[in-house]
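1. Quick check, what structure comes out for this input:
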Amino acid sequence: MNENNNVMNDYKAAGKLKGKVAVITGAGGGIGAAAARIFAAEGASVLITDIQESKLREVAADIKAADGNVSLMVHDIADETQWRIVVKTAVNLFGRVDILVNNAGITGNLLAPFEERSVSEFNRVLSINLTGQFIGMKSVIPYMSSGSAIINVSSIAGITGNAGGNAYTASKGGSRMLSKGAAIDLAAKGIRVNSLHPGYVETPMTHNMEGADAFRKMAIGSTPLGRGASPEELAKGILFLASDDSSFMTGAELIMDGGFTAF
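-> Just a heads-up that it's a prediction; the model follows:
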């Protein structure tokens, strides 16, 4: 059993998602894995997806060990056909979809000079971070009903801009505005759409990216609270956006950055 199952053991659930069905992408680690564990603890049936099957199986094992209801699928979120299969699988397993957490994403190259960045790299980042979210929303909406919620995980880089990583910044800014536009379009259906904007989070992605140590030092040095967030802290923000606690909130940004954007 993965040691992160302690999150499930220590978490004080309140049944906020009892009877709900959630699809969570990028759930093999970091924020997505933490959200999957907390959602299951709160009573949701969860379909978790990622390109890393072994990591998904670890997370699913944690959830099952805590008596949660979970299934998993290997999933490239930039592939529309795979999205259709994921959504149909969720409906076949659980009857419907109430919550979509578009969490999967990549950073791309954050260090190359602007003029040396390739179009193929730029398009690759957008295809996952932005187009992947659009396809996911497009695929799941027909199976949602009033009271459903979509959470698109963006970044503070989609609000303030970011030195380096122009594709990442563009994709996260696009995610923010995609969420706003969709919120307006879907309000009549009773489907809420909001975006989450983390600051620096201690995840495998941030620890393993190129220049990770220097980036971490810069990010934490610019964060008034003086530390990075844990994935579980961000997952609680996602829970808020998914639950009825945010029932009058749509087209909005939830910024969880330790004060980074307060300057």
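2. I'd like the next helix or strand past the helix or strand bottoming out on mean pLDDT in the chain.
-> Least confident helix or strand, the chain: helix 6-10 with a mean of 55, by mean pLDDT, DSSP states H and E. Note on helix 6-10: by DSSP states H and E, the next helix or strand toward the C-terminus is strand 21-24.
3. any idea how far whichever helix or strand comes after that following strand is from the chain center?
-> Next helix or strand after strand 21-24 toward the C-terminus (DSSP H and E): helix 30-41. Chain-centre distance of helix 30-41: 10 Å, with C-alpha atoms, centre = their mean, to the nearest Å.
4. now do stretch 13-20
-> The gap between where stretch 13-20 is centred and where its chain is centred comes out at 19 Å by C-alpha atoms, centre = their mean.
5. Stretch 221-234 now?
-> Distance of stretch 221-234 from the chain centroid (C-alpha atoms, centre = their mean) equals 17 Å.
6. Next, the buried residues of that stretch.
-> Of the residues in stretch 221-234, 222-223, 228-234 count as buried by neighbour count, 16 or more other C-beta atoms under 10 Å. For glycine as for every other residue, the C-beta is placed from the backbone atoms N, C-alpha and C.
7. ok, of those, which one's closest to Ser195?
-> Using C-beta to C-beta, Leu234 is the member of the buried residues of stretch 221-234 that sits closest to Ser195, with 12.5 Å.
8. Okay, that closest one and Val101: tell me how far apart.
-> Separation of Leu234 from Val101 (C-beta to C-beta, to the nearest Å) stands at 11 Å.
9. Mind jotting down where the helices sit in the protein?
-> Using DSSP state H, the helices of the chain run over 6-10, 30-41, 53-65, 80-94, 119-126, 132-140, 157-160, 166-186, 204-208, 212-221, 231-242.
10. and Val74, which of these is closest to it?
-> Of all those, helix 53-65 comes closest under C-beta to C-beta, at 4.9 Å.
11. Fine by me, thanks again.
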